[in-house]
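In: Just the structure for this:
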Amino acid sequence: MVEQTADVETRAVLLAQGGDLGWVCGLLAAHRDAILAHWLDAATAQPFHAGHREHAVTDHIPQLYDALLAYLQRGAPPQQDPGAPLDDAAVLAAAQQHARSRLDQGLQPVDVVTEFRLLRQELLGTLRQHLPDSVPTGDIIAAELLLNDALDGAVSVALRALTDLIEEVREDFLATTVHDVRQPLSLIKG
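Out: Numbering: from 1, shown residues only. Below you'll find the model as predicted:
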């Protein structure tokens, strides 16, 4: 039993340490297509896609979903630490690719974050809807903690990728501007 005087974070970590996430991995794998279809419907309904389903379609969200599932599977055995989600190359790559493709489409960083939040909503909603009665509280907490950490990590990576891309565009613009200004000045000096 977890001591009642411990702070919330400590209690959550202690409850989750022995969690068995095998049921979570099985549940999310079994409902993969439905979760992605619901995500696509929710993303399409957002104002930044203006009801155009083709704008919301992307290969990066299924890749991110599969990377998150693999991440959770590494943490499925009790007492197994899957590591930090940001250290996972597949989660990192899918989040970066999704963010870059969305920026190229003209979406704002807040729109990309909304898409990741919609994925979190679908994942956690599916867990709650299909939660077996026999699942221990520690397993539920462990599952939600890992999913939230992984998706928070994906959001952070996506925002970093967007920031990097914006910085690249800014640097290119400044380099071009400086070159264009210097060229006539060099001709005048010559």
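In: Number of residues surrounding Asp172?
Out: 10 (other CB atoms under 10 Å). The way it works is simple: take the backbone N, C-alpha and C, and place the C-beta from them, glycine included.
In: and if you look at Pro184?
Out: Neighbours around Pro184, by other CB under 10 Å: 9.
In: and the helix or strand hosting it, how far from the chain's centre?
Out: Assigned by DSSP states H and E, Pro184 falls within helix 137-189. Chain-centre distance of helix 137-189: 16 Å, with CA atoms, centre = their mean, to the nearest Å.
In: Equivalent analysis for stretch 59-74, please.
Out: Its chain's C-alpha centre and that of stretch 59-74 lie 9 Å apart, by CA atoms, centre = their mean.
In: Buried by neighbour count: which residues of it qualify?
Out: For stretch 59-74, the neighbour count (16 or more other CB atoms under 10 Å) marks His60, Ile61, Pro62, Gln63, Leu64, Tyr65, Ala67, Leu68, Leu69, Tyr71, Leu72, Gln73 as buried.
In: Out of these, which comes closest to Thr177?
Out: Nearest to Thr177 out of the buried residues of stretch 59-74 is His60 (CB to CB; 32.7 Å).
In: Is it correct that the closest one is in contact with Ala94?
Out: Yes. Using CB atoms under 8 Å, His60 is in contact with Ala94, at 5.3 Å.
In: How many residues are close by the residue nearest to Asp66 when sequence neighbours are not counted?
Out: Distances taken as CB to CB, 6 or more residues apart in numbering put Ala90 closest to Asp66, at 7.6 Å, once the chain neighbours are dropped. Ala90 sits with 14 neighbouring residues when counted by other CB under 10 Å.
In: Where does Ala90 sit: helix, strand or coil?
Out: Secondary structure for Ala90, judged by DSSP: H, G, I helix; E, B strand; the rest coil, is helix.
In: buried sites along the helix or strand encompassing Thr126?
Out: Element membership for Thr126, per DSSP H and E: helix 109-129. Within helix 109-129, the residues that count as buried by 16+ other CB under 10 Å are 109, 111-116, 118-120, 122-123, 126-127.
In: can you redo those as TSV with distance to Ile141 and pLDDT?
Out: Formatted as TSV, the buried residues of helix 109-129 follow (distance: CB to CB, whole Å; pLDDT from 0 to 100):
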residue	distance to Ile141	pLDDT
Pro109	30	81
Asp111	31	86
Val112	28	84
Val113	24	86
Thr114	26	89
Glu115	26	89
Phe116	21	87
Leu118	23	92
Leu119	20	91
Arg120	16	91
Glu122	20	94
Leu123	15	91
Thr126	17	92
Leu127	12	88
